[in-house]
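Asks: Only the shape, not the letters, is given here:
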């Protein structure tokens, strides 16, 4: 019975992660369109959206082969995934009703990517199969790359505001 519960927990976890990646991609595609008048922002959002779609496919692969590899998800990781999914769904709904300024959008994306990187890093430890561990480590590294690119762009957005306030 315990094995069946573990299998279902793992399946639900992976399905939740697929949903999270899809929500991220949708949000970033939305931002790409909304901020299209700022080409560098639009390109960054589009690139990140496409990478999130790739992550979604990686989770789908993990789901397809989960019966072929030892993988166990703790209840805590499932709760964390549900929490991230819920917060992300709230953010997506909020953004669609009231689009934030670009700086706010970037800052919220950084916070979201930090949570995802943490989740992906901890999950990689739950696979006995090296290939699956490496897959989730790669997801975590990609999230860190997203964070780095978004932070760099946030710095670029923030610098002109500092320059303007110093000149006043």
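Replies: Okay, I see it. All of these numbers come straight from a predicted model, not from anything done at the bench. Numbering: from 1, shown residues only.
Asks: all contacts plus neighbour counts: C-alpha atoms, from now on.
Replies: OK.
Asks: Next, the buried residues of the helix ranked longest in the chain.
Replies: Secondary structure of the chain read by DSSP state H shows that its longest helix is helix 130-167. Under the neighbour-count criterion of 16 or more other C-alpha atoms under 10 Å, helix 130-167 has 132-133, 135-140, 142-144, 146-147, 149-151, 153-154 buried.
Asks: Also stretch 82-102?
Replies: For stretch 82-102, using 16+ other C-alpha under 10 Å, the buried residues are 82, 84, 85, 88, 89, 91, 92, 99, 102.
Asks: which SSE is the fourth one in?
Replies: Counting by DSSP states H and E, the secondary-structure element that holds residue 88 is helix 75-97.
Asks: ok so, going back, Throw the buried residues of stretch 82-102 into JSON lines and include pLDDT and distance to residue 31, thanks.
Replies: As requested, the buried residues of stretch 82-102 are exported to JSON lines (pLDDT from 0 to 100; distance: C-alpha to C-alpha, whole Å):
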{"residue": "82", "pLDDT": "93", "distance to residue 31": "23"}
{"residue": "84", "pLDDT": "92", "distance to residue 31": "19"}
{"residue": "85", "pLDDT": "95", "distance to residue 31": "19"}
{"residue": "88", "pLDDT": "93", "distance to residue 31": "14"}
{"residue": "89", "pLDDT": "96", "distance to residue 31": "15"}
{"residue": "91", "pLDDT": "93", "distance to residue 31": "12"}
{"residue": "92", "pLDDT": "93", "distance to residue 31": "10"}
{"residue": "99", "pLDDT": "92", "distance to residue 31": "9"}
{"residue": "102", "pLDDT": "94", "distance to residue 31": "9"}
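Asks: any idea how far stretch 140-155 is from the chain center?
Replies: 11 Å (C-alpha atoms, centre = their mean, to the nearest Å).
Asks: so is residue 100 in a helix, a strand, or just coil?
Replies: Classification of residue 100 using DSSP: H, G, I helix; E, B strand; the rest coil returns coil.
Asks: Against residue 63, how distant is it?
Replies: According to C-alpha to C-alpha, to the nearest Å, residue 100 stands 34 Å off from residue 63.
Asks: circling back: which strands or helices does the helix holding residue 88 pack on?
Replies: helix 2-34, helix 102-124 (3 or more C-alpha pairs under 8 Å, 6 or more residues apart in numbering; DSSP states H and E).
Asks: Which one, of the ones you listed, ends up nearest to residue 69?
Replies: Between residue 69 and these, the tightest spacing by C-alpha to C-alpha is seen for helix 2-34, at 11.2 Å.
Asks: in that closest one, what's buried?
Replies: For helix 2-34, the neighbour count (16+ other C-alpha under 10 Å) marks 6-7, 9-32 as buried.
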